[in-house]
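K.L.:
sequence below, structure please.
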Amino acid sequence: MPTKKTSAPLSKKSVKRAKRTALGRRIAGAAREVAAHLRGEGSPLTTYDVVVPDQVDVAALRTRLNLSQSAFADRFDLDLSAVQAWEQGRRRPDRSARILLAVIGREPVAVLRALAAE
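P.N.:
The predicted structure is shown next:
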């Protein structure tokens with residue numbers, strides 16, 4: 001009959017060492033926040049209402065970023081013909097594109113960091 005493998009509990013030393021790292025501290029803090037929430041203590045957990053814009057003025061966004069159509073497409077790895085079609089009203093960005101464009105509008109540097117090659 002196969003034996004059931006169980007992992008040894010973490011030692012206090014290994015737990016203490018993990019808490020010293022930034023990630024360990026974040027995980028421990030999150031665990032304490034969840035435990036407090038389950039006990040009905042503390043402030044409620046943060047929630048967000050997500051609103052996907054129906055329309056995005058791509059030309060205005062691009063102009064605000066001081067980029068040509070070609071530079072905008074290159075910078076955010078978009079298809080140049082799609083950017084042109086959006087601006088000319090021949091096509092409407094799909095839901096995913098509208099979300100990306102909304103994020104570019106609010107946090108263009110964050111998008112560039114997220115898309116940067118490592």
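
K.L.:
tell me the pLDDT at Gln55?
P.N.:
Looking at Gln55, its pLDDT stands at 93.

K.L.:
now it: how far from Arg25?
P.N.:
43 Å (CB to CB, to the nearest Å). In this view, the C-beta of every residue, glycine as well, is placed from N, C-alpha and C.

K.L.:
who has more neighbours, the two?
P.N.:
More crowded of Gln55 and Arg25, by other CB atoms under 10 Å: Arg25, with 12 against 8.

K.L.:
that one: which element?
P.N.:
Using DSSP states H and E, Arg25 falls within helix 22-38.

K.L.:
also Gln84?
P.N.:
Per DSSP H and E: helix 80-88 holds Gln84.

K.L.:
tell me which helix or strand comes right after that helix.
P.N.:
Remark: after helix 80-88, the chain's next helix or strand is helix 95-106, criterion DSSP H and E.

K.L.:
between that following helix and helix 80-88, how many degrees?
P.N.:
Between helix 95-106 and helix 80-88, the angle comes out at 80 degrees (axes from the mean of the first three to the mean of the last three CA atoms, to 10 degrees).

K.L.:
what's the neighbour count on the residue lying closest to Ala110 once chain neighbours are set aside?
P.N.:
For Ala110, ignoring the flanking residues on the chain, the nearest one in space by CB to CB, 6 or more residues apart in numbering is Val103 at 7.2 Å. Using other CB under 10 Å, Val103 is surrounded by 14 other residues.
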